[in-house]
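3D model of this:
(chains A and B)
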Amino acid sequence: MATEKEYAEFFSRIDGEVGGMIAISVVDLESGLTLGVRTNRQDFDLSTASAFNSEMVKMKLKTMKALGLQSTLEDMLLTLSDQIHLIRLISPTAFVYVAVDRSKSNLAIVRNAVAKLASSIA
Amino acid sequence: MARLDLARDSIVVRIVYDGTALSGKTTTLRALGTSLAREVETPAEAQGRTLYFDWLDYTGGRFDGHSIRCQVVSVPGQAALDRRRRALLADADAVVFVADTSPEGYDRSLAALRESFTAIARRRPAVGLVVQANQRDRPDAVPIARIRADCAALSENLGVTESAAIDGLGVRETFVFAVRLALDRVRELQQSGLLAVGPPEIDGASALLLALQDGERVDLTAQSWRPAVGADRTPVAESRAVAPAGVEAAAPARQTAPWPPDRSVPSGLIWPPIAGRIVLQEATERSLDPVRQSDGSWGCSGDSAWRLQSDLGGLYFDFDEGRAALIDWARTHAVLAPYLSGKRCIVLARAAPGAWRLWQLVFAIPSLKSGLRQVCAEGAPEDVARVLLSVAKRLLDFAPRLAATPLAELGTLERLAVENGLTVYGGLFPSRNGRTAVGRAEESASEVLRRHLAPFLSDFAAAAAWERNVRVVVEVRRQAQERGWSGIGEILCRLLPSA
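Okay, the predicted model is just below:
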């Protein structure tokens, strides 16, 4: 598990590479508690979003298991009318959750940046 | 401690930060509070030292469709406050042991870690323990490899994290680790049906402070009844203590009374499981206020139709020990169930923070003696004779069945009763720790009736007019003959002095 310092560095680099970052967190999958957070918008309840997203990931993993899929879940992309949300698993027990402003970035940039930099905290 | 609070849709868990004095527990909690944007409350401090605890309440994450409410508490590390520390540890669902890893503090921390590990090792489901190796910012800190080896020597199941709490490093990671351990425990409690449901008993720092202070008062009272056994708090065997002369008068009663059982007692801590829950529900419709009895036990009856009782040895500071006692006592109850009145239950309930008390609740049904007394006072001689013969027959049928049980000596006219047409033992069940004689030598019918009825009939005869006594004797003889119980009739007539 990475340290808070490593998370902070990771968040800064994502913030630098991805325009319009709203918030980012590293989340413990089992508990839904955040291991590290950074938010650029105070009205965005990152803890709650992270917690509920942990349930979504767990549900997806359950679905895969029920289907007997042997694949690995890499990421989940959610497109809202004004935001893009990306969830990327960095270990079997944790994932990165990032929300960005859709008008200032695009799915490919966000996905690429997180995939590239997530290895520093995996 | 873990509970499912349906009203708030949350799982409530208690994470306790343990460690030696000045190891960095309060610093850790404050760093965690800053990280989670939550206030840390410290009810009492003296010169920067925690006297009771630090408290942090954080709701976040999700488990099993519910939010997770974490009551994060640090213990006072000073040796003199060890009692408080243990009381707080007793409610933990996970423990973070903040270890001072400076060269001068490490050995002391390791010794304390061993002690904490021993204290929680017996609890079931298991309470997870994570060691937060603190003060890693010091250049001379004990190498982490050595710390890991020392922890592994203690148990393979100890997690180890590194922190420099003063800089807030490693604190959040450790906290999340501890919450995961607590959730493991919740899962086990759920699977075994032992997860308590309802709002938490302690809902804030001030409530915990009050409960802790109350608990200390209860504990002090218990201590005064106990022989000197040093500082060891587990297990408590009050019944083996000899109450020193004068203690009874000095023992405060109501203000230090233990909490009586209530409806929030979780399943698994009531016997019989379903009927017992109904009994508890009914009995607690009115408040039960236990008071100290002359024999040192706690009880209440008063005007209530219920008798609540917990004997001197019924207090446990170790939950598992209390539960084992409950199971053991339930087994004895189950064996004797055919002889017992039906409306009763035994309950292991919280008596104070970190303390549990084993109670019995018995519905008070009219005894054989009360029925006899009533008819003797108001009834016609033929009614007296009829009831007297009926009671005598019941005694003769029931006494031999009780003879081989621990109820043999207790099954007296005052405690036997009729329920659904059957003779039953309606009194309080003998103490778990008491020295109740098991079994009784075989008695003749005459001996049985003499033992049970002679004092009563003697009083009755003395109080009644001679003529009435004679009429009762005549009626007893006549009715006994009619029923084919002449032998019983003769014995009764011999016991009635007018005969």
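
show me what from chain A comes close to chain B.
Contacts of chain A with chain B, taken as C-beta under 8 Å from any C-beta of the partner chain, map to A:1, A:3-5, A:28, A:30-36, A:47-48, A:51-52, A:54-55. For every residue, glycine as well, the C-beta is placed using N, CA and C.

show me which residues of the stretch 151-300 of chain B are close to chain A?
B:168-173, B:175-176, B:179-180, B:183.

put the buried members of the residues of chain A next to chain B into a PyMOL selection.
Filtering those down to the buried ones (16 or more other C-beta atoms under 10 Å in any protein chain shown) takes a single PyMOL command:
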select buried, chain A and resi 1+3+4+28+30+31+32+33+34+35+36+47+51+54+55
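
so which of the residues of chain A next to chain B are in helices?
With DSSP state H as the criterion, helices contain A:4-5, A:47-48, A:51-52, A:54-55 from among the residues of chain A next to chain B.

element containing residue 109, please.
By default, I'm working from chain A. helix A:107-117 (DSSP states H and E).

actually, chain B is the one I wanted.
helix B:106-121.

ok, which stretches of chain A are strands?
All strands of chain A, identified by DSSP state E, fall at A:21-28, A:34-39, A:75-79, A:83-91, A:94-101.

taking strand A:83-91 as reference, get the angle to the first one.
Spelled out, it's strand A:21-28. Counting by axes from the mean of the first three to the mean of the last three C-alpha atoms, to 10 degrees, strand A:21-28 lies at 30 degrees to strand A:83-91.

bridging residues for B:Arg350?
Bridge pairing for B:Arg350 (DSSP bridges) gives the partners B:Trp356.

got a list of what it touches?
Applying C-beta atoms under 8 Å, 6 or more residues apart in numbering or on different chains, we find B:Arg350 in contact with B:201, B:259, B:356-357.

which residues does the closest residue to A:Val114 other than its chain neighbours form a beta bridge with?
Distances taken as C-beta to C-beta, 6 or more residues apart in numbering or on different chains place A:Arg88 nearest to A:Val114, at 5.0 Å, with adjacent residues excluded. Bridge pairing for A:Arg88 (DSSP bridges) gives the partners A:Asp75, A:Val96.

CA atoms only for stretch B:176-196 - export them in CSV, please.
Extracted in CSV, the C-alpha atoms of stretch B:176-196 (Å, rounded to 0.1, in the frame of the first residue of the first chain):
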residue,chain,number,x,y,z
VAL,B,176,-8.6,1.9,7.0
PHE,B,177,-6.8,-1.3,7.8
ALA,B,178,-8.4,-1.3,11.3
VAL,B,179,-11.9,-0.7,9.9
ARG,B,180,-11.4,-3.6,7.6
LEU,B,181,-10.6,-5.8,10.6
ALA,B,182,-13.6,-4.5,12.4
LEU,B,183,-15.8,-5.4,9.4
ASP,B,184,-14.4,-8.9,9.4
ARG,B,185,-15.7,-9.1,13.0
VAL,B,186,-19.1,-7.7,11.9
ARG,B,187,-19.3,-10.3,9.2
GLU,B,188,-18.7,-13.1,11.7
LEU,B,189,-21.3,-11.6,14.1
GLN,B,190,-23.8,-11.4,11.3
GLN,B,191,-23.2,-15.0,10.4
SER,B,192,-23.6,-16.2,13.9
GLY,B,193,-26.7,-14.1,14.4
LEU,B,194,-25.0,-12.1,17.2
LEU,B,195,-24.9,-8.7,15.6
ALA,B,196,-26.8,-6.4,17.9
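
and for it, what's in contact with it?
By C-beta under 8 Å, 6+ apart, the residues outside stretch B:176-196 that reach it are A:28, A:30-31, A:33, A:35, B:2-4, B:11, B:13-15, B:61, B:63-64, B:68, B:70, B:93-96, B:125-130, B:159, B:161, B:264, B:266-269.

are any of these buried, and which?
A:28, A:30-31, A:33, A:35, B:2-4, B:11, B:13-15, B:61, B:63, B:68, B:70, B:93-96, B:125, B:127-130, B:159, B:161, B:266, B:268-269.

these in strands, which ones?
Counting by DSSP E, the buried ones among the contacts of stretch B:176-196 contribute A:28, A:35, B:3-4, B:11, B:13-15, B:61, B:63, B:68, B:70, B:94-96, B:128-130, B:159, B:161 to strands.

returning to what we had before: now for the ones in helices among the residues of chain A next to chain B: which two are most distant?
A:Lys5 and A:Glu55 (28.8 Å; C-beta to C-beta).

re the thing from before, quick one: the ones in helices among the residues of chain A next to chain B as CSV, columns for pLDDT too.
Converted to CSV, those look like this (pLDDT from 0 to 100):
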residue, pLDDT
A:Glu4, 80
A:Lys5, 82
A:Ser47, 94
A:Thr48, 94
A:Ala51, 96
A:Phe52, 96
A:Ser54, 96
A:Glu55, 96
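
picking that back up, what's in contact with the helix holding A:Ile109?
Residues outside helix A:107-117 that contact it (C-beta under 8 Å, 6+ apart) are A:10, A:13-14, A:17-19, A:75, A:77, A:79, A:84, A:86, A:88, A:96, A:98, A:100.

pLDDT below threshold where in chain A?
A:1 (pLDDT under 70).

try it again with 90
A:1-6, A:42, A:70, A:92-93, A:119-122 (pLDDT under 90).

what residue lies at the spatial centre of it?
Centroid check for chain A by C-alpha atoms, centre = their mean gives A:Tyr97 as the closest residue, at 1.6 Å.

wait, what's in contact with that residue?
Each residue near A:Tyr97 by C-beta under 8 Å, 6+ apart is listed here: A:24-27, A:49-50, A:53, A:85-87.

which pLDDT value belongs to the residue of the stretch 251-400 of chain B at minimum distance from chain A?
Among the residues of the stretch 251-400 of chain B, B:Pro266 lies closest to chain A, at 23.0 Å counting by C-beta to the nearest C-beta. On the pLDDT scale, B:Pro266 is placed at 76.

apart from its neighbours in sequence, what residue is nearest it?
Nearest one to B:Pro266, counting by C-beta to C-beta, 6+ apart, is B:Ala196 at 4.0 Å.

got a pLDDT number for that neighbour?
So, for B:Ala196, pLDDT stands at 88.

report the separation between it and chain A.
Using C-beta to the nearest C-beta, to the nearest Å, B:Ala196 is found at 20 Å from chain A.

any buried residues in stretch B:394-406, and which?
B:394-396, B:398-399, B:402-403, B:405-406.

surely B:Ala211 meets B:Gly354?
No - in this structure, B:Ala211 is not within contact of B:Gly354 by C-beta atoms under 8 Å, at 9.2 Å.

and the residue lying farthest from the centre of chain A, its phi and psi?
Ranked by distance from the centre of chain A (C-alpha atoms, centre = their mean), the top residue is A:Gly68, with 25.1 Å. Dihedral pair for A:Gly68: phi 70, psi 20, per degrees, to the nearest 10.

ok, now which ones touch it?
So A:Gly68 contacts nothing (C-beta under 8 Å, 6+ apart).

which residues does the residue nearest to A:Tyr7 when sequence neighbours are not counted bridge with?
Using C-beta to C-beta, 6+ apart and skipping residues adjacent in sequence, the residue nearest A:Tyr7 is A:Gly36, 3.1 Å away. With DSSP bridges as the criterion, A:Gly36 is bridged to A:Val26.

contact distance from chain A - what residues of the stretch 301-450 of chain B qualify?
Within the stretch 301-450 of chain B, no position is adjacent to chain A by C-beta under 8 Å from any C-beta.

the stretch 301-450 of chain B: strands as residue ranges?
Using DSSP state E, counting those that start in this stretch, the strands found in the stretch 301-450 of chain B span residues B:306-310, B:315-316, B:344-352, B:355-363, B:416-419, B:422-425.

adding mean pLDDT as columns, could you present these in CSV?
Output for the strands of the stretch 301-450 of chain B, formatted as CSV (pLDDT from 0 to 100):
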stretch, mean pLDDT
strand B:306-310, 90
strand B:315-316, 87
strand B:344-352, 88
strand B:355-363, 90
strand B:416-419, 91
strand B:422-425, 91
